[in-house]
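Q: Provided below are the primary sequence and the corresponding predicted coordinates.
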Amino acid sequence: MRARFVVGKILGSLATLAFVLAVNFFLFRVVNDDPTGSLFRGRNLSPDQIQRRREQFNLTGTKFEQFLAYLRQTARGNLGDSFLSNRPVTTEIMEAVWPTLLLVGTATVLAMLVGIPLGIHAGWKRRSRFDAASTSFSMFTYSVPDFWLGMILLAVFAVGLGWFPTGGFEDAGSNATGVAALLDQLHHMALPALTLMLAYIGEYVIVMRSSILDTLNEDYLQLARAKGLRDADVRRRHAVPNALLPVVSLTALNFGFVLSGAIAVEAIFSWPGLGQATLEAIRGPDFPMLQGLFLVFSIAAILANLIADLLYAHLDPRVGGR
Amino acid sequence: MSDVASYSPRTAAWARRRRSFSDGISRLRKDRVAMIGLVVLVGFVIMALIAPWMSPRGGLSAVDSINNPTWHPPSRDFPLGTDHLGRSVAAQFVWGSRVSLLVGFAATVLTITIGSLVGISAGFFGGWTDAVLMRLTDWFLVIPFLPLAIVLAAVLDRSIWNIILVIGVTSWPSTARLIRAQVLTVKTRLYVDRARALGASRPHIVARHILPNVAPLILASVTLAVPIAILTETTLAFLGLADPTQNSWGKTLEEAFGAGAIGRNAWWYHFPAGLGIVAVVLAFTLFGRGLEEILDPRLREEGARR
């Protein structure tokens, strides 16, 4: 990988970040010109207090001055205070990051572990009954709104059969520690993680399958066959390692959506993560919180995109120069 | 003899297009899966169109439903039961198809229009135009789609037109990319060079040579953009960002969840709307894939090889 390629990618990511910051600022200030109205809705404040609030939320001066103030503040990690709780947005977001990472990370890993082998098998035995079944299954899960799937699982397994709790991160008022607390959390996580896993699987199956199909006509595969290798060896040693490339970058990209991927599903299971926080911010409406969440979601995606690009160039020397 | 006399490049081009069109139709008709998708779709479109005759709009009003039993399971009077306000779930299902399909189609028109404009200008003009437009497209592709849609919808007023706007503005980039790539290949064909050498103007080249060649691809992206638009509307509605006066399937799901349909085991409230979404989205995807296979030359070659 040439240094120029790496530097170019990093500069590109920084430009994207600048675009996000601009969108984030102007969306909330230009589309919704003076947020004071929604800020102080239903509260009786003196003009003096309103002025102080305006200064607190950087609503004084020209649009450009406000934008600079917003950049300075954001650079210091200050995303303002939540309208709803009056606590710093940064604190609120930090508290919600871990539950989301845990839930969506688990679901993504599970989806890969199941989806990739399914896709390999379907692509290798293309047009077989297995291929038809797994492709139909993927198309079906692709078409299901993830939160509706969550509602159905919740209705059947939590309300109907009572096997799982109906929501939350752990039992209310639980003072369990160690293994018991962990088991309790896993018990709560099972249904939302299953929902997300089912929602993600299809993508891995489809991408892995088409990637395997792309390798089928490659010369190195013909050569491996001509050498007299067994079918399973051709697949394991020659087809799969080469076909994994797009899946690696898909995975890296998907990790960028880990933080924002479960907004509606978290709402269904009252999972105390960033998704639940987003829903509450919409209901408020809590604009500083929404703004902060959008920034965090975007940064995660930009980072993942950069990593995916660099990883791809590292794994495939044809990309990014010698 | 008269055939030879009336021969011109234009009539020849149209004859060729007509031939490949009827060829495409007959290939599509042999694709059973795509045809099933089409039949399901037509069924839902008819339901959306005749909604006013199937169930009076009053069925959606809580005031008009005040004498109905609440949380009533499906019965002869209420084929899909009633909700927490006594409204007929069947009426919500029928009317919901209208809103969901309208948003799906209208947002797609917007997505495809923006995507085609950006893609054709970037591909055709090249240079700075291309660099700037593609940078913008990349930015939109990197930013997570749903959070952007949520933030946009949250700062705008809650209306069906704003939802359409939000989906259109956030989902055009992949179409733009696809169309740009196609324009780039078409641009290098000999007949475009020939037209340019003969002194054809840019608008003429775009209208006569570029557009007819990217049109099939645009059509294929339409059928694949509609399901995405419908799913996005569903999620936005579920998060409470939809028009409160319009009953889409997503809105029904939001109300069902909010009213506690799951705790009460009132499956008739939250099951049909979700199933409707799955059916429409799946039908569009199946039909769209069939269409894409015929219209996208790259996929056709692949299909022949495999």
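A: Received the coordinates, thanks. Numbers count the residues shown, from 1 in each chain, chains lettered A, B, ... in the order given.

Q: And the next helix or strand past the longest helix seen in chain B?
A: Ranked by number of residues, the top helix in chain B under DSSP state H is helix B:89-125. As assigned by DSSP states H and E, the chain's next helix or strand after helix B:89-125 is helix B:127-142.

Q: Buried residues of that next one, list them for me.
A: B:130, B:133-134, B:137-140, B:142 (16 or more other Cβ atoms under 10 Å in any protein chain shown). For the C-beta atoms, the positions are set from N, CA and C on the backbone; glycine is no exception.

Q: What pLDDT does the model give the residue sitting nearest the centre point of chain B?
A: Nearest to the geometric centre of chain B sits B:Val226, at 1.7 Å (Cα atoms, centre = their mean). pLDDT, B:Val226: 91.

Q: Check whether it sits in a helix, strand or coil.
A: Look at B:Val226: counting by DSSP: H, G, I helix; E, B strand; the rest coil, its state is helix.

Q: what sits against it?
A: Residues in contact with B:Val226 (Cβ atoms under 8 Å, 6 or more residues apart in numbering or on different chains) are B:104-105, B:108, B:284, B:288.

Q: for the stretch 201-322 of chain A, what spans make up the helices?
A: A:219-226, A:231-233, A:240-256, A:263-268, A:274-283, A:287-315 (DSSP state H, counting those that start in this stretch).

Q: and the last one, what other elements does it pack with?
A: If you count contacts as 3 or more Cβ pairs under 8 Å, 6 or more residues apart in numbering or on different chains; DSSP states H and E, helix A:287-315 packs onto helix A:3-26, helix A:89-124, helix A:240-256, helix A:274-283, helix B:127-142, helix B:145-155.

Q: Which residues in the shortest one does the neighbour count mark as buried?
A: Taking 16+ other Cβ under 10 Å as the neighbour-count basis, helix A:274-283 is seen to contain the buried residues A:274-282.

Q: Intersect those with the contacts of chain B.
A: A:278-279, A:281-282 (Cβ under 8 Å from any Cβ of the partner chain).

Q: Put together TSV for those, with pLDDT and distance to B:Ala273 on each row.
A: TSV is the format used below for these (pLDDT from 0 to 100; distance: Cβ to Cβ, whole Å):
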residue	pLDDT	distance to B:Ala273
A:Thr278	91	22
A:Leu279	90	19
A:Ala281	88	25
A:Ile282	89	21
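
Q: of these, closest to A:Val104?
A: Of all these, A:Val104 sits closest to A:Thr278, with 13.3 Å by Cβ to Cβ.

Q: From what I see, that closest one and A:Leu293 are in contact.
A: Yes: A:Thr278 lies in contact with A:Leu293 (Cβ atoms under 8 Å); the separation is 5.5 Å.

Q: which residues are in contact with both of those two?
A: By Cβ under 8 Å, 6+ apart, the residues touching both A:Thr278 and A:Leu293 are B:Pro147.

Q: Quick check: chain neighbours aside, which residue is closest to A:Trp163?
A: In this structure, A:Trp163 finds its nearest non-sequential neighbour in A:Phe157, 5.1 Å apart by Cβ to Cβ, 6 or more residues apart in numbering or on different chains.

Q: Next one: the one you found, what pLDDT does it get?
A: 84.

Q: thinking again about what came up before, of the buried residues of helix B:127-142, which ones also sit close to chain A?
A: Checking the buried residues of helix B:127-142 against chain A (Cβ under 8 Å from any Cβ), the matches are B:138-139, B:142.

Q: near chain B, which residues of the stretch 151-300 of chain A show up?
A: Near chain B, when you scan the stretch 151-300 of chain A using Cβ under 8 Å from any Cβ, you find A:151-152, A:154-155, A:159-160, A:166, A:213, A:216-217, A:256-257, A:260, A:263-264, A:267-268, A:278-279, A:281-283, A:285, A:287, A:290-291, A:293-294, A:297-298, A:300.

Q: can you rerun that using 6 Å?
A: By the rule Cβ under 6 Å from any Cβ of the partner chain, the part of the stretch 151-300 of chain A lying against chain B is A:151, A:154-155, A:159, A:257, A:260, A:264, A:282, A:285, A:290, A:294, A:297-298.

Q: Quick check: the farthest pair among the residues you listed?
A: Greatest spacing in these, by Cβ to Cβ: A:Val159 and A:Ser298 (36.3 Å).

Q: more neighbours, the two?
A: A:Ser298 (27 against 14; other Cβ atoms under 10 Å in any protein chain shown).

Q: May I ask you to confirm that that one is in contact with A:Leu21?
A: No: using Cβ atoms under 6 Å, A:Ser298 makes no contact with A:Leu21, being 8.9 Å away.

Q: any idea how far chain B is from the closest residue in space to A:Ala239 that isn't next to it in sequence?
A: Closest residue in space to A:Ala239, ignoring its immediate chain neighbours: A:Thr215 at 4.9 Å, by Cβ to Cβ, 6+ apart. To chain B, A:Thr215 is 13 Å away according to Cβ to the nearest Cβ, to the nearest Å.

Q: show me the contacts for A:Thr215.
A: By Cβ atoms under 6 Å, 6 or more residues apart in numbering or on different chains, A:Thr215 lies in contact with A:239, A:242-243.

Q: A:Ile50: which of these is nearest?
A: When those are ranked by distance to A:Ile50 (Cβ to Cβ), A:Ala243 comes first, at 61.5 Å.

Q: okay, now the closest residue to that closest one other than its chain neighbours: neighbour count?
A: Take A:Ala243 and drop its neighbours on the chain: the residue closest to it by Cβ to Cβ, 6+ apart is A:Ser211, 4.1 Å away. Neighbourhood size, A:Ser211 [other Cβ under 10 Å]: 22.

Q: what secondary structure does B:Gly199 sit in?
A: With three-state DSSP as the basis, B:Gly199 sits in coil.

Q: That one: how many residues sit nearby?
A: 7.

Q: cool, and the one 3 residues further on?
A: The local packing of B:Arg202 (other Cβ under 10 Å) involves 11 other residues.

Q: That one: what's its closest spatial neighbour, skipping adjacent residues?
A: Per Cβ to Cβ, 6+ apart, closest to B:Arg202 is B:Phe124, 7.6 Å.

Q: State the distance from that neighbour to chain A.
A: From B:Phe124 to chain A the distance is 24 Å (Cβ to the nearest Cβ).

Q: Quick check: pLDDT value at that residue.
A: pLDDT, B:Phe124: 89.

Q: State the distance from B:Ala266 to B:Asn247.
A: B:Ala266 sits 17 Å away from B:Asn247 when distances are taken as Cβ to Cβ, to the nearest Å.

Q: Between the two, point out the one with more neighbours.
A: For B:Ala266 versus B:Asn247, neighbours defined as other Cβ under 10 Å are more numerous around B:Asn247 (26 against 23).
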